[in-house]
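K.L.:
Sequence and predicted structure below; questions after.
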Amino acid sequence: MSSVGSRSIDAPPIDALPVGLAAIEHARDALAGRISVTPLAHSPSLTRRLGAPVFLKLDSRQETGSFKLRGGTNALLALGDDARRRGVATASTGNHGRALAHAAKALGIRVVVCLSALVPANKVEAVRALGAEVRIVGRSQDDAQVEVDRLVREEGLTAIPPFDHPDVIAGQGTLGLEVVEELPDLATLLVPLSGGGLAAGVAAAVKGVKPSVRVIGISMARGAAMQASLAAGRPVAVEEVETLADSLGGGIGLANRYTFAMCQALLDDVVLIDEAEIAAGIRHAFHAEGEVVEGAGAVGVAAILAGRIAADGPVVALVTGRNIDPERHRAIVAQGGAA
């Protein structure tokens, strides 16, 4: 599929961005003991394929099965006492809701998670199992957000967005700090790209320590809202459709306050991959790397396999989630071996 550069002369300078290295380092201190420092694993198979060292940062091994535990926990820890008493609400494609439910349970905070009908049933049940109140609303994350807005307006809950929030961005950025500290000669970082909370935070962390690192956002070709917005030079609406990379679905919000500007300033490129390529990434992760990975978490692997990545030094692909429906995963991996 296509590849588009996302930097523009209109992008704000990095030192003027709302979430910087200091906020991310503060988040790392706050999260100490509450999240895992996840493995950075060398991939011989992808190294042979790319002709440069390739490592997988396995944040899929977080307790809730995705990187979202970082941002969700950091945002709840930053709340004042009154907000904690009243509770929080969020719209989610699944993993953020699960992470927020886990963190809220540990902190004794009420949480309402609003999900669309497109969210896979296994992700819905995982959120509910952690004690969150679950609302199924409409067929898009934007529809679910309408219910969040009502809860904030009528019940006084505090909204914790899945990506467009400084404390969420800073929490996700701790993943970037781990990578660049574990691999100081990092040259290229592949980041799954959706609403941009992960990409913005990780890029701010990595470039804050080592500005020469190329950060490439990887998204699915079907409904890539951030890519479409970057191409347009402003946030735009994109229809949310079913995709193997379901965690990357949803819009970035037409009133986006943080992640669009940060991705515009910090991403060096955006690469789109199709559904067959995502499936190939899932299969390769299982057969060659021994990892169960959901579609959104496999997009970096998929981009390497599809020949979309060029490298002149060590590459890290963020493997961000494992919460794929088991039956769907079995069907995909049964279609063949490692690419």
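P.N.:
Happy to help now that I have it.
K.L.:
and the closest residue to Cys263 other than its chain neighbours, how many neighbours does it have?
P.N.:
Excluding the flanking residues, the one nearest Cys263 by CB to CB, 6 or more residues apart in numbering is Gly196, at 4.5 Å. (Glycine included, C-beta is placed from N, CA and C.) Burial of Gly196 is recorded as 30 neighbouring residues (other CB atoms under 10 Å).
K.L.:
ok, Gly196 - contacts?
P.N.:
If you count contacts by CB atoms under 8 Å, 6 or more residues apart in numbering, Gly196 has them with 163-164, 226, 252, 259-260, 262-263.
K.L.:
quick one: which of these sit in helices?
P.N.:
Using DSSP state H, the subset of these located in helices is 226, 259-260, 262-263.
K.L.:
Kindly reformat the residues you listed as JSON lines and extend each row with pLDDT.
P.N.:
Supplementary listing: the ones in helices among the contacts of Gly196 in JSON lines, determined by pLDDT from 0 to 100:
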{"residue": "Met226", "pLDDT": "98"}
{"residue": "Thr259", "pLDDT": "98"}
{"residue": "Phe260", "pLDDT": "97"}
{"residue": "Met262", "pLDDT": "97"}
{"residue": "Cys263", "pLDDT": "97"}
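K.L.:
Farthest pair within these?
P.N.:
The span of the ones in helices among the contacts of Gly196, defined through CB to CB, is set by Met226 and Met262 at 10.7 Å.
K.L.:
Tell me the residues that contact both of the two, please.
P.N.:
Between them, Met226 and Met262 share these contacting residues under CB under 8 Å, 6+ apart: 196, 199.
K.L.:
Look at these two and report which has more neighbours.
P.N.:
With neighbours defined as other CB under 10 Å, Met226 and Met262 compare such that Met226 has more, 31 against 26.
K.L.:
What segments of the stretch 151-300 of the chain are helices?
P.N.:
166-182, 197-209, 225-232, 259-266, 275-287, 299-305 (DSSP state H, counting those that start in this stretch).
K.L.:
low pLDDT regions in this protein?
P.N.:
Under the criterion pLDDT under 70, the flagged ranges of the chain are 1-15, 339.
K.L.:
between the longest strand seen in it and helix 259-266, how big is the angle?
P.N.:
The strand spanning the most residues in the chain, taking DSSP state E as the definition, is strand 214-220. Inter-element angle recorded for strand 214-220 and helix 259-266: 130 degrees (by axes from the mean of the first three to the mean of the last three CA atoms, to 10 degrees).
K.L.:
List the pairing partners of strand 214-220 within its sheet, with orientation.
P.N.:
Strand partners for strand 214-220, identified by DSSP bridges, are recorded as strand 188-192 (parallel), strand 269-273 (parallel).
K.L.:
With only the CA atoms kept, save the first one in CSV.
P.N.:
Once side chains and other backbone atoms are set aside, the C-alpha atoms of strand 188-192 remain, and they are given as CSV (Å, rounded to 0.1, in the frame of the first residue of the first chain):
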residue,chain,number,x,y,z
THR,A,188,14.6,3.2,13.2
LEU,A,189,11.6,2.6,15.3
LEU,A,190,8.3,1.1,13.9
VAL,A,191,5.3,2.2,15.9
PRO,A,192,1.6,1.1,15.4
